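>>> Provided below for reference: sequence and predicted model.
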Amino acid sequence: MDRKEEDKIIEGITSQEYKEGFVTDIRQDFIPKGLNEDIIRTISSLKQEPSWLLEFRLDAFRKWQQMEMPRWGHLDLPEIDYQDIIYYAAPKRDEDRPKEIDPKLEETFEKLGIPVREREALAGVVAVDAVFDSVSVATTFRASLAEKGIIFCSFSEAVREHPDLVRKYLASVVPSGDNFFAALNSAVFSDGSFCYIPKGVKCPMELSSYFRINAAGTGQFERTLIVADEGSSLSYMEGCTAPMRDENQLHAAVVEIIVEKDADVKYSTVQNWYPGDAQGRGGILNLVTKRGICKGSGSHLSWTQVETGSAITWKYPSTILKGDYSSSEFYSVAVTNNCQQADTGTKMIHIGRGTKSRIVSKGISAGKSQNSYRGLVRMNAGAEGARNYSQCDSLLIGSRCGAHTFPDILSYNPTAIVEHEATTSKISDEQLFYCNQRGLDAEDAVGLIVNGYAHEVLSRLPMEFAVEATKLLQVSLEGSVG
Amino acid sequence: MASNSSDKIIDHGNYVPTPVPSRPVAASGLRPYSAAAKREWTQPWPDAATAAPEAVFVDEGEFKEVYLQTPVPANFVVGAGAKLDVTIVVLPGITANIPVTVDITGPEAEVNLKGLYLCSGTDEVTFDVTVHHRVQGCVSHQLFNGLASGSAKCAFFGKIIVAPDAQRTEAYQENHNIVLSDQAKVNTKPQLEIYADDVRCSHGATVGKLNEDEQFYMRSRGIPEGEARVLQMISFVAPVLDGLEDEGLATRIEAAIRSLADR
C-alpha cells in the first residue's frame, strides 16, 4: 500500500472514530454555575431530599473544602475550576405528559443501543437504569424485579421510597471524607442507581446503568449503591458515553458495593467516555472512586472493566476482603491512544482469614498516550492463609507512548502468600508477519493480536458487553498503526 | 472548566530525565573503592547521606564487587559495552536505608544487580533501587531476596526506567520475600516506567512463607524440622549467591541463616 492511500485510510478512520459524540438538542433545566452551600441546598431541594441527606451533603462539602486536589497520579491533570462547573442539569419535563419519556431522549438512548423500553435484548433480558446528565430518565423491568423483592431504581427514588436502606448503607464503604473526589461527589451527587437484592435471591436478569453526559459545561456526579444480602447473586453492568467537545468535562462518581455472607456480585464496566481528539483537546476527566466490601464470610465480588475512553482515567476499583474465606477478582483492559492518559488499577485489602484475590490487568498504549497500572495488595496481620496473585501486562504500540507499572505489596502475615508479575513488550514482528502472510493487513492483524492479548479479560464480560468491548478495542486502536 | 489549547503537550506523564552524576575531574576509567571505604561495618549502617561514597564510573571492562556489611555507593554509571556485577549482602543486626541508582549511559552495556537481606530482631532494611536505561541495546537483571524474622521490617522499592530512545532494552527485576514470624513486615514496590516500545521488561515480586510440603518431605526422610527450615532458606538465597566463589562469605551467610532459624 503506498503512503498516500494509507494516509487516506487512517484519516477516514480518525474522523469517524467516536460515533457516540453527538449532542441531543433538548430543553434542559440548569442551576447556576459554581459550588457553595446554596448550590448544594438547591440540588437537595430539587430532589426533594430529607434533611439527613442534606446534612450529609453539607458535611461532605465542609470536608472537601479542607482538602487539596491530589497530584500523585502519573498524569498531567489540567487545572479544574470547580466554580466553573454546572452541578445539576436535567431535561425539562413535558408538562402535558409527565409520566412519559421525552421521545428525543428515547431516540438518544435508542441511538446508543440502550433500550429504555422493556424488550428482549440480544442474549436475554437486561434491566436498564438510564441516567441523562443529572437525572435518571427511565428504569426498566422494575415491576418484574419487585416480584422477587429486588429493588432496582434511581438513587433519588431510593431515597424517597427506601430511606432506611439508603441511610444504612450510604457511605459505609466510601466515607464522605475518603478522598478529594469522593468528598466532592458526596456533596453534589445527582442521580445514580440503587440496587438491593434480598436474602437468597438470584437476580434473574442482568442489571445495568447507562450514563450519558449531554449538556455543555456540566459535570456528572452519579452515585451507585449496590447491596447484595446473604446468599444472593447479581451481575451488574455499567456503560457510559458523552458528546465530543473541545473542553474537558468532569465525571466524579462513587460506586459502593456491599456483599453480605455467601453473596456473589459481578460488576462490569465498559467505559467509553469521549477521549478527546487526536491533539488531546477535550475529553472527559474520569476521576472515580469505586469500592466494594466482602462483608460476610464466603462472599465474592468480581470487577471487570474495559477502559477505552476518557482523556484522563484515574480510578482504582477496590475490594475490602473482611469476611473470612471471601474472595475477589479484578480483570481490566485499559486502552489509551492519542493523548489519553490512564492511571488505573485496584486495591485488595485482605482482613479476613483465608481470603483470596486475583488481579489480571492488561494495558495497551498507542499514539502519545501514557498508561499506568497502580495497585495495592495488603495482607493484614489477621489475614491467616490469605492468597493473592497479580498479573499486569503492558503492550506498546508505537515508540511515543509509555507504559508503567506501580504495584505496592504489603504483607503483615507470615502465612499469607502474594505473587505479582508484570511484563512489558510490543507486538512482535513475527506475529505481524505471520498475519500479513495470511492476507491480513497491518490494522486487522493488530486488532486480532490485541483481542487475543485481552481475551482473558473480555471473556469475563457478560455477552452484550463482550461484543461491544471487542468492537471498541478495534475502534480505539484504529489509526495507531501505519 | 479550563479548555485545552491546541498545542497541548502532555509533559508530566512523559519522560523526565534525571541528571547523571558528574564525573570527578581527575577520574578516568574504573574507580574502585579506597580500602578505607571497604572496611567492614559492625555498627548499624549509618544514614544514606554519610554512607554513600562517590559515584562509581564503569567505562569499560567488568566491575565485579560484593558489598558485605559495607556502605554501597549510591550511584553507578555504566558506559558503552561495560559490565557491572554487584551483589549487596545485608546480614542480621543492621538497620539501613540503601539507595542505589544505576545509570546506563552507553549502548550494549550489561548490568547484574543482586541483593540479599536477612533481617531479624527490630532491623529495618530498605532498598531503593533505580535502574535507568538511557540508551539502546542494554540488558539489566536484578534479583533481590529477603528473609524477615522477629519484628523486622523489610522494604524493597525497585524501579526500572527505560528512556524514549532506549530501544532493544531488556530489563528484568525479581524480588522474593519470606516472612518467618508474625511480627515481621514486608513491603515491596516493583515499578516499571517505560517510554520506548521495542523492549522486553518484566518484574516479579512475591511474599510468602516456607513451603510446608517441602518440610514434610524432608522430615519424613529423617531431617529434623529446624534443619529442614535451614535447608529451605539456603536454597531460597542460593540464586543470589550464584557465581560467587567466596567460601568465607558462604559460611557467614549460613551462620546468619541458622541464627534466623533458631528464633
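Ah, there it is.
>>> Could you look up the next helix or strand downstream of the strand or helix carrying A:A143?
Using DSSP states H and E, A:A143 falls within helix A:142-147. Per DSSP H and E, the first helix or strand lying C-terminal to helix A:142-147 is strand A:151-154.
>>> I'd like to know which elements the helix or strand where A:T304 lies is packed against.
A:T304 belongs to strand A:300-307 when assigned by DSSP H and E. The contact analysis (3 or more C-beta pairs under 8 Å, 6 or more residues apart in numbering or on different chains; DSSP states H and E) places strand A:300-307 against strand A:254-259, strand A:264-271, strand A:283-294, strand A:327-336, strand A:341-344, helix A:442-458, helix A:463-477. All C-beta atoms are positioned from the backbone trio N, CA, C, and that covers glycine.
>>> ok so, going back, how about the helix holding A:A143: buried residues?
Of all the residues in helix A:142-147, those buried under the rule 16 or more other C-beta atoms under 10 Å in any protein chain shown are A:R142, A:L145.
>>> cool, stretch A:19-31 as well?
Using 16+ other C-beta under 10 Å as the test for burial, stretch A:19-31 gives A:E20, A:G21, A:T24, A:I26, A:Q28, A:I31.
>>> do the same with stretch B:225-243
In stretch B:225-243, counting by 16+ other C-beta under 10 Å, buried: B:A228, B:R229, B:V230, B:L231, B:Q232, B:M233, B:I234, B:F236, B:V237, B:V240, B:L241.
>>> per-residue pLDDT, residue 28?
By default, I'm working from chain A. Note for A:Q28: predicted pLDDT of 80.
>>> Can you look at chain B instead?
Value listed for B:S28 in the pLDDT field: 40.
>>> what's the offset of stretch B:62-74 from the middle of its chain?
Relative to the centre of its chain, stretch B:62-74 is centred 11 Å away, using C-alpha atoms, centre = their mean, to the nearest Å.
>>> Point me to the residue of the stretch 1-150 of chain A nearest chain B.
Per C-beta to the nearest C-beta, A:D76 is where the stretch 1-150 of chain A lies closest to chain B, at 3.8 Å.
>>> could you say which helix or strand contains that residue?
Here A:D76, judged by DSSP H and E, is contained in no helix and no strand.
>>> Could you list the residues of the stretch 201-350 of chain A in contact with chain B?
A:217, A:219, A:246-250, A:276, A:279-282, A:339, A:341 (C-beta under 8 Å from any C-beta of the partner chain).
>>> How about the residues of the stretch 51-200 of chain B by chain A?
Near chain A, when you scan the stretch 51-200 of chain B using C-beta under 8 Å from any C-beta, you find B:164, B:167, B:177, B:179-182, B:184-200.
>>> Of those residues, just the buried ones, PyMOL syntax please.
A single PyMOL command selects the buried members of those (16+ other C-beta under 10 Å):
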select buried, chain B and resi 164+167+177+179+180+184+185+186+187+188+189+190+191+192+193+194+195+196+197+198+199
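>>> contacting residues for B:S202?
Counting by C-beta atoms under 8 Å, 6 or more residues apart in numbering or on different chains, B:S202 makes contact with A:E421, A:A422, A:T423, A:T424, B:A171, B:Y172, B:Q173.
>>> And B:F216, by the same measure?
B:F216 neighbours (C-beta under 8 Å, 6+ apart): none.
>>> In a helix, it, correct?
Yes: the assignment for B:F216 is a helix, going by DSSP: H, G, I helix; E, B strand; the rest coil.
>>> what stretches of the chain score poorly on pLDDT?
Unless you meant another one, I'm taking chain A. A:1-17, A:93-101, A:116-125, A:464, A:478-482 (pLDDT under 70).
>>> looking at chain B here, not the other one
In chain B, residues with pLDDT under 70: B:1-14, B:23-54, B:263.
>>> Centroid-nearest residue for it?
B:G115 (4.4 Å; C-alpha atoms, centre = their mean).
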